[in-house]
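**Q** give me a model of this one.
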Amino acid sequence: MPLVAAAQHTGDTMTFTELQKKYAARQGYTSVRMTSEMLKLYGTIEIAGVNEIRIISADKFSDEFNNDMVKVVRQPQYKLLTVVEEKSTVAHFFFRQTPNGHISRFVMTVWGSETNTIMSISGNFSIAQLQSIATQIKPIKPRTQPVRPRVHPAKPVLQ
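**A** Sure thing, here's the model as predicted:
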């Protein structure tokens with residue numbers, strides 16, 4: 001398991017924000033940040049207490065990204081919830097609790113033979129609310145044609 005092997009090495013921890021800043025603009029990585037307002041606009045997920053969802057994914061497997069993902073969940077406030085293994089993919093689910101027993105952050109790490117991904121859901125929500133997120137997520141149908149970004153050459157791209 002990648003998490004166990006990497007966790008045996010000594011090293012620093014990293015926040016999810018630091019991880020996202022490091023990889024957001026890098027070639028070969030996709031970084032997404034969805035605020036609660038965006039989720040409401042699209043009608044994708046309507047869960048009270050969810051502030052944002054962040055996802056970072058590597059186009060191909062990267063040892064550096066793998067080690068940095070481990071640094072995020074290695075923080076002592078994260079507790080391992082479950083591990084799911086299927087073929088060549090391993091997913092770990094972690095959470096961080098508030099003093100009132102709610103979840104302030106839910107993190108999923110996925111390692112496969114070709115890619116690795118980390119997702120974070122932050123806010124202040126219960127286990128029941130977290131379970132309802134899974135039932136509300138609608139699958140995205142893949143496009144048959146690649147999408148080309150359209151950027152006006154005179155206008156800078158905002159980050």
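**Q** if I pick the spatially most central residue of the chain, what's in contact with it?
**A** For the chain, the residue nearest the mean C-alpha position is residue 119 (1.2 Å; Cα atoms, centre = their mean). Residue 119 makes contact with 53-55, 107-108, 110 under the criterion Cβ atoms under 8 Å, 6 or more residues apart in numbering. C-beta coordinates here come from the backbone N, C-alpha and C atoms, glycine included.
**Q** could I get those in a markdown table, plus columns for neighbour count?
**A** Shown next, in a markdown table, are the contacts of residue 119 (neighbours: other Cβ atoms under 10 Å):
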| residue | neighbour count |
| --- | --- |
| 53 | 22 |
| 54 | 21 |
| 55 | 16 |
| 107 | 22 |
| 108 | 18 |
| 110 | 18 |
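**Q** give me the subset of those residues lying in strands.
**A** Cross-referencing the contacts of residue 119 against strands under DSSP state E gives 53-55, 107-108, 110.
**Q** ok, which stretches of this structure are strands?
**A** Using DSSP E, strands in the chain cover 29-35, 50-58, 79-86, 89-97, 103-111, 116-125.
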